[in-house]
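here is a sequence with its predicted model. Questions after.
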Amino acid sequence: MRNKKMVKKTIQNILFLAPCAVVFFVFVIMPFLQGIPYSFRRWDGFSADYTIVGLENYKNVLTDGSIAAPALNTIKFAAMEVVFSNLFGLLLALGISRNTRFHRILRTIYFMPYVISIVLASYIWSYIFSDVCYSILGMKNLLASPKTVILGLAIISVWKDTGYCMIVFLAALKSVPDEYYEVARVEGSRSLHTFTKITLPLIVPAFTTNATLVLSWGLKVFEYPMVTTGGGPGTSSESLAMYIYKNIFVYYKAGYGQAAAILFTLFLAVISFLVASFFRSREVEV
């Protein structure tokens, strides 16, 4: 009887996940697999004529000096987004963790930027940087300078994604047993000591989720620079995703661009796995 219930539950779980799995396979896995043969060709992406070049495209990607700048831009952007989205998300979660009406309203307000599309958020902040900041604060447009454009893009992404990180941290904070805090109060533990010795170790799973997801979002960044700067000034905000896009659709180097995309996907998978493994190794069971 127990085995029948387990089988029934397993079937229900499979049926529940099946629609998402089918969509993911059709629109993500299949295009990726179909694109692999193109990476071994010298092809413009449109004509019927192409030349098989083997691993030449992969070699060119790994030795091409022009990819260094987009890679550095992407890493700088992703690092700032991961650090500050998680930091501000945790601080907000700690500040509004109580279940009061006022705090619930604040949660809604803080989460609202996350539901805005990336394109709309980019347009909003482009206007803020170009008009509002200059007219009110006299501050130059961060997106107009090669030295500050990555910082400006990071501000937009942090503003948008902090609400998501906050929600994950709130869920983690609610899962910490109250008994631990009661014991800490009885023993006279200070707030900072309680946070570092009890709260922080027990919410590491939230860091695993947030760090992995936000890192993948940061490394795949495309919309923010595409909408706000087009990769400029010059190429100072061009990301790896934009670099791949331009090679395929602008420079008509589909084989080279596809090889870069495959290497980038493998790099993203490895980095995400390493980050997730790092935090999982520090998780504490309640």
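Structure received. Numbers count the residues shown, from 1 in each chain.

alpha carbons only for contacts and neighbour counts from here, please
Fine.

what about Glu182, neighbour count?
Other residues near Glu182 number 12, with proximity taken as other CA atoms under 10 Å.

could you say which helix or strand holds it?
For Glu182, the host element (DSSP states H and E) is helix 178-186.

report all helices and strands that that helix contacts.
The criterion is 3 or more CA pairs under 8 Å, 6 or more residues apart in numbering; DSSP states H and E, and there are no helices or strands that helix 178-186 contacts.

next SSE downstream of that helix?
Per DSSP H and E, the first helix or strand lying C-terminal to helix 178-186 is helix 191-194.

does Glu56 touch Leu62 like I think?
No: counting by CA atoms under 8 Å, Glu56 sits too far from Leu62 to count as a contact (10.0 Å).

check the offset of the helix or strand containing Ala69 from the chain's centre.
The secondary structure element spanning Ala69 is helix 68-95 (assigned by DSSP H and E). Counting by CA atoms, centre = their mean, to the nearest Å, helix 68-95 is centred 9 Å from the centre of its parent chain.

other SSEs contacting it?
Helices and strands touching helix 68-95, as assessed by 3+ CA pairs under 8 Å, 6+ apart, comprise helix 149-174, helix 204-219, helix 240-245.

buried residues, it. List them.
By neighbour count on 16 or more other CA atoms under 10 Å, the buried set for helix 68-95 is 69-82, 84-90, 92-93.

which parts of stretch 229-237 are buried?
Those would be Thr229, Gly230, Gly231, Gly232, Ser236, Ser237, for stretch 229-237 by 16+ other CA under 10 Å.

give me the residues contacting it.
69-70, 73, 143-146, 149-150, 225, 238-239, 242 (CA atoms under 8 Å, 6 or more residues apart in numbering).

same list (those residues) but as CSV, adding pLDDT.
Formatted as CSV, the contacts of stretch 229-237 follow (pLDDT from 0 to 100):
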residue, pLDDT
Ala69, 95
Pro70, 96
Asn73, 96
Leu143, 93
Ala144, 92
Ser145, 93
Pro146, 94
Val149, 96
Ile150, 96
Pro225, 96
Glu238, 96
Ser239, 96
Met242, 96
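
so how do I select the buried members of the residues you listed in PyMOL?
Selection of the buried residues among those in PyMOL, burial being defined by 16+ other CA under 10 Å:
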select buried, resi 69+70+73+143+144+145+149+150+225+238+239+242
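
distance between stretch 253-272 and the chain's centre?
Taking the mean of its C-alpha atoms, stretch 253-272 sits 17 Å from the chain's own mean (CA atoms, centre = their mean).

do stretch 258-274 as well
The answer for stretch 258-274 is 14 Å, by CA atoms, centre = their mean.

same question for stretch 212-221.
Here stretch 212-221 is found 2 Å from its chain centre; the criterion is CA atoms, centre = their mean.

same check on stretch 235-248?
Between the mean C-alpha location of stretch 235-248 and the chain-wide mean there is a distance of 17 Å, by CA atoms, centre = their mean.

same deal with stretch 140-153?
A distance of 20 Å separates the C-alpha centroid of stretch 140-153 from that of its chain, computed with CA atoms, centre = their mean.

where does the stretch 1-150 of the chain dip in pLDDT?
Counting by pLDDT under 70, the low-confidence segments of the stretch 1-150 of the chain come to 1-2.

ranges for the strands of it?
With DSSP state E, counting those that start in this stretch as the criterion, the stretch 1-150 of the chain has strands at 41-42, 51-52.

from the buried residues of stretch 229-237, which is closest to Gly257?
For the buried residues of stretch 229-237, the minimum distance to Gly257 (CA to CA) is 16.9 Å, reached by Gly231.

next, that closest one: phi, psi?
According to degrees, to the nearest 10, the main-chain angles of Gly231 amount to phi 100, psi -10.

spatially nearest residue to it (excluding sequence neighbours)?
If the residues on either side of it in the chain are set aside, Gly231 comes closest to Glu238, at 4.0 Å by CA to CA, 6 or more residues apart in numbering.

same check on Phe273?
Closest residue to Phe273 apart from its sequence neighbours, by CA to CA, 6+ apart: Thr212 at 8.0 Å.

got a pLDDT number for that neighbour?
Thr212 carries a pLDDT value of 94.

that one contacts Leu274, correct?
No: the pair Thr212 and Leu274 does not pass the contact test of CA under 8 Å, sitting 9.1 Å apart.

tell me which of the two has more neighbours.
Set side by side, Thr212 and Leu274 show unequal neighbour counts under other CA under 10 Å, the larger going to Thr212 at 21 against 13.

how about the contacts made by the more buried one?
With contacts defined as CA under 8 Å, 6+ apart, Thr212 is in contact with Ser272, Phe273, Val275, Ala276.

many thanks, have a good one.
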